[in-house]
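S.K.: model the following, please.
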Amino acid sequence: MRTKTIEVDIFIPCFIDQVYPETGFNMVKVLEKLGCKVNYNPNQTCCGQPAYNAGYFDDAKEIAIKFLEDFPNDNRYVVSPSASCAGMVRNGYGALFAESRYKLPYMKLSKTVFEFSEFLVNVLKVDKVPGAKFDGVITYHDACSALRECKIYDAPRTLLKNTPGVELRELKDNEMCCGFGGTFAVKFEPISVGMGEQKVNNATDTGAQYLTSTDHSCLMHLDGYIKKHNIPLKTIHIADVLASGL
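M.R.: Numbering: from 1, shown residues only. Predicted structure coming up:
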């Protein structure tokens, strides 16, 4: 049992702020349930990942500098319901600030930035959220940024398995990309759709009712395919699962 309150800053990605705000609120609900003091800086905007992935490195650097300014306290953890944003700060900023006066502030901040589920398991050292309960069969999608950039595999699975009411079924070819990839889905639409179709088919083959992930960007892409083809499968962010029942 922790006796010291952990104070955290939260970073809410653009698409969660605009499309899935309830996920941000649910993340806060879980963090507070686990005894964290949560801070939110309303000046925050984007991590710069869209510009970076599209090759607009000067624009991405400008946004990244603002991110450093928005989170100046490197003594506090920064928690985000997005592994792709966490991965951008940890890895992408290294390239942007390699020869820059911002390199040291970036290096300090990068050590404090965590995706939500890995923060719960690896920092708070919890394997379940007390009071959480979710009834349903769930399959889990490993987002590329989570699996490859942040090396997240066990944390979300541990939390899901220990949530009463959840039956977790593994997805075939779970390490394969869903086809979103940010601008990839726009530039290479047919390939992107085909990859999404394969991921959805693998999910339905498990007999799951819900498809979850650390990243709403992947789920948003897959949900578009699911709804277009009237597939009886629902997408839900892991934060929304863990906040259920609280």
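S.K.: tell me the contacts of C46?
M.R.: Listed by C-beta atoms under 8 Å, 6 or more residues apart in numbering, the contact set of C46 reads 13-14, 63, 67. C-beta coordinates here come from the backbone N, C-alpha and C atoms, glycine included.
S.K.: looking at those, which are in strands?
M.R.: Assignment to strands by DSSP state E places none of the contacts of C46 there.
S.K.: quick one: which of those has the most company?
M.R.: The most neighbours of any of the contacts of C46, using other C-beta atoms under 10 Å, belong to P13, which has 25 neighbours.
S.K.: contacts only, for it.
M.R.: Counting by C-beta under 8 Å, 6+ apart, P13 makes contact with 46-47, 80-82, 84-85, 216-217.
S.K.: start and end of stretch 202-215, how far apart?
M.R.: Using C-alpha to C-alpha, to the nearest Å, one end of stretch 202-215 lies 18 Å from the other.
S.K.: buried ones in it?
M.R.: 202-203, 206, 208, 210-215 (16 or more other C-beta atoms under 10 Å).
S.K.: show only the entries of the contacts of P13 found in strands.
M.R.: Among these, the residues falling in strands (DSSP E) are S80.
S.K.: distance between the longest helix along the chain and the chain's centre?
M.R.: Longest helix in the chain, counting residues (DSSP state H): helix 189-205. Averaging C-alpha positions (C-alpha atoms, centre = their mean, to the nearest Å) puts helix 189-205 20 Å from its chain's average.
S.K.: who touches the most centrally placed residue in the chain in this structure?
M.R.: For the chain, the residue nearest the mean C-alpha position is S82 (2.1 Å; C-alpha atoms, centre = their mean). Under the criterion of C-beta under 8 Å, 6+ apart, the neighbours of S82 are 11, 13, 16, 115, 214-217.
S.K.: closest one of those to T158?
M.R.: T214 (12.8 Å; C-beta to C-beta).
S.K.: which ones are touching the closest one?
M.R.: By C-beta under 8 Å, 6+ apart, the contact set of T214 is 81-83, 115-117, 143, 146, 152, 156, 237-238.
S.K.: and those residues, which of them are buried?
M.R.: The neighbour count (16+ other C-beta under 10 Å) marks 81-83, 115-117, 143, 146, 152, 156, 237-238 as buried among the contacts of T214.
S.K.: returning to that earlier point: can you redo the contacts of S82 as JSON lines with distance to F97 and pLDDT?
M.R.: Converted to JSON lines, the contacts of S82 look like this (distance: C-beta to C-beta, whole Å; pLDDT from 0 to 100):
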{"residue": "F11", "distance to F97": "18", "pLDDT": "98"}
{"residue": "P13", "distance to F97": "20", "pLDDT": "94"}
{"residue": "I16", "distance to F97": "25", "pLDDT": "94"}
{"residue": "E115", "distance to F97": "21", "pLDDT": "98"}
{"residue": "T214", "distance to F97": "25", "pLDDT": "97"}
{"residue": "D215", "distance to F97": "24", "pLDDT": "94"}
{"residue": "H216", "distance to F97": "27", "pLDDT": "93"}
{"residue": "S217", "distance to F97": "24", "pLDDT": "91"}
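S.K.: following the longest helix of the chain, which helix or strand comes up?
M.R.: strand 210-213 (DSSP states H and E).
S.K.: got a list of contacts for that next one?
M.R.: With contacts defined as C-beta under 8 Å, 6+ apart, strand 210-213 is touched by 136-143, 146, 156, 160, 200, 203, 219, 222, 233-238, 241.
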